[in-house]
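[1] Mind looking at a prediction? Sequence and model below.
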Amino acid sequence: MKKYFIAFILYSAILQGISPLKASYNMNTVFFQRDTIHSFAGKVLDKSTGKPIIFATVFVTNTRIGTVTNSDGEFLIKVPDFLLNSDIGVAHLGYSTFRIAFSALKPEGNVFEIESAPYPIREVVIRNEDPLELLREAVSKIPENYSKAPVMMTSFYRETIKQNRSYVAIAEAVLDAYKSSYSKSTESDRIRVFQGRKSQDVKKMDTILFKFQGGPYTSYLLDVAKHPGELLTPEAFKYYDYTMKGIVSIHETMAYVIEFDQKDIIDFPLYSGRIYLDTENLAIVGIEFGISKKRIEQASDYLIRKKPLGLNVDVASGNYLVNYRIIDGTWYLAYVRTELKFHVKWKKKLFRSTYITTSEMAITDFDPDHIDKFKMREATKLTDVFVDNVADMEDPDFWGDYNIIKPEESIEAAIEKLSRKLRRRAE
């Protein structure tokens, strides 16, 4: 389990959280320096149910510009003037890709209704009925399905900590990343904070104050095609049972759905979830997984490195989502989300606290032409605490022309509430 950890530092306790797991010169920068920028906001809904589609990819067609919808299905995308003759597209696992011209949109209030597009497994000829063999083949094809050369990535990253029903910490940043080639497994990615900000209600956590450790660096480690770790290696395969569950539509192609869970005989916590493989080339187009319910009661034994006497910590859930996007026939990392929920209780106290820690990262642009392999001393490390390395939130126009993940209304309200509290304390 150790390769896919996200660390959480508790000042009073230290927890090791489970996770299986701008570029300063790139297309966005050039566009935004030369052209007027237009913002478009809206919501993506399931056409049949009316429910919001969360974590759908929203992109400018035939470009590398994109973002994702938030947990309310909302999006905000910023587009340079010369691309307004293009279309906006929406893609999500199990749905037909949606397209509409920017000329048909309003700056705000756009609603996109997308249709589900499942494919019954019996209607498709499967090259191999053994899901494990499909996965082995998919791993062998990683060097040809993913980028064979380094690229620069612009990404937006946000992490939040919620205690019971209140947000107690929010931090976010635009990131530079040197994304190394998938054909060179020994070369590591390099990530640095281009611009960031935070808001913390530190008084809210007087008893136990904890922070993410690893932050943006860990999100890139969740690229399972680059870091197969405890999920997609020959050694890992023997710990899981696999089941073929059907075929769904994604990115205008079809993907096999392979379900997995740890074997009953495994006596330590691993994962369960679904892997999606392109039916044509077996590229890994997405994976969603979490700590298996079979051994989740043991997860704390593996995750807690240090804690004070009298403090009990129980892991309630750990969930992860990794999506990829195809550009000119090559697959790239597109979106990563992690969420860990756990209960904390002092033995002599009646009530317990529930903490939910979330991080999400969306790749908003790629640049294969202007490679900047910045020095390692500029890059973030697994031991870094992201919230300690960014400034407090002050300027409402802080992000300017950069594409970000649109916050939920509750997060926006929390940012304002926390900022007000911090201002009052400073006065």
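    Alright, I've got the coordinates. Residues are numbered from 1 along each chain as shown.
[2] domain parsing for the protein?
    The record's domain parsing of the chain by automatic domain parsing lists 2-21+127-426, 27-118.
[3] Surely Pro407 forms part of a strand?
    No: judged by DSSP: H, G, I helix; E, B strand; the rest coil, Pro407 forms no part of a strand; its state is coil.
[4] Just give the nearest non-adjacent residue to it, would you?
    Nearest non-adjacent residue to Pro407, counting by CB to CB, 6 or more residues apart in numbering: Asn70, 6.6 Å away. Placement of C-beta: from N, CA and C, glycine included.
[5] correct me, but the one you found touches Ile54?
    Yes: if you go by CB atoms under 8 Å, Asn70 and Ile54 touch, sitting 7.0 Å apart.
[6] between the two, which one's more packed in?
    Ranked by neighbour count (other CB atoms under 10 Å), Asn70 and Ile54 place Asn70 first, with 23 against 16.
[7] just the CA coordinates of stretch 379-399, formatted as PDB?
    C-alpha atoms of stretch 379-399 as PDB (Å, rounded to 0.1, in the frame of the first residue of the first chain):
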ATOM      1  CA  ALA A 379       9.700  21.300  -7.600                       C
ATOM      2  CA  THR A 380       7.300  20.300  -4.900                       C
ATOM      3  CA  LYS A 381       8.200  17.200  -2.800                       C
ATOM      4  CA  LEU A 382       6.200  14.400  -1.200                       C
ATOM      5  CA  THR A 383       7.100  15.800   2.200                       C
ATOM      6  CA  ASP A 384       5.900  19.400   1.400                       C
ATOM      7  CA  VAL A 385       2.800  20.800   3.100                       C
ATOM      8  CA  PHE A 386       1.100  22.700   0.300                       C
ATOM      9  CA  VAL A 387      -1.000  24.900   2.600                       C
ATOM     10  CA  ASP A 388       2.100  26.200   4.300                       C
ATOM     11  CA  ASN A 389       3.600  27.300   0.900                       C
ATOM     12  CA  VAL A 390       0.900  29.600  -0.400                       C
ATOM     13  CA  ALA A 391      -0.400  33.100   0.600                       C
ATOM     14  CA  ASP A 392      -3.700  34.000   2.100                       C
ATOM     15  CA  MET A 393      -6.700  34.700  -0.100                       C
ATOM     16  CA  GLU A 394      -7.200  38.500  -0.700                       C
ATOM     17  CA  ASP A 395      -7.600  39.500  -4.300                       C
ATOM     18  CA  PRO A 396     -11.000  38.400  -5.800                       C
ATOM     19  CA  ASP A 397      -9.500  38.600  -9.300                       C
ATOM     20  CA  PHE A 398      -6.500  36.500  -8.300                       C
ATOM     21  CA  TRP A 399      -6.900  33.900 -11.000                       C
END
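[8] begin at 65 from here
    All right, first residue 65 from here; so that's stretch 443-463.
[9] Can you tell me how far the spatially most central residue of the chain is from Pro195?
    Per CA atoms, centre = their mean, the C-alpha nearest to the average position across the chain is that of Val400, at 1.6 Å. Val400 sits 24 Å away from Pro195, going by CB to CB, to the nearest Å.
[10] Helices of the protein, start to end?
    Remark: helices assigned in the chain by DSSP state H are 91-98, 195-204, 206-209, 279-285, 298-301, 363-367, 473-490.
[11] among these, which gets the worst mean confidence?
    Least confident of these, judged by mean pLDDT, is helix 91-98 with a mean of 33.
[12] list the contacts for Val132?
    By CB atoms under 8 Å, 6 or more residues apart in numbering, the contact set of Val132 is 119-122, 139, 398-399, 424, 426, 469.
[13] any weak-confidence spans in the stretch 115-264 of the chain?
    Across the stretch 115-264 of the chain, the ranges flagged by pLDDT under 70 are 182-192, 249, 264.
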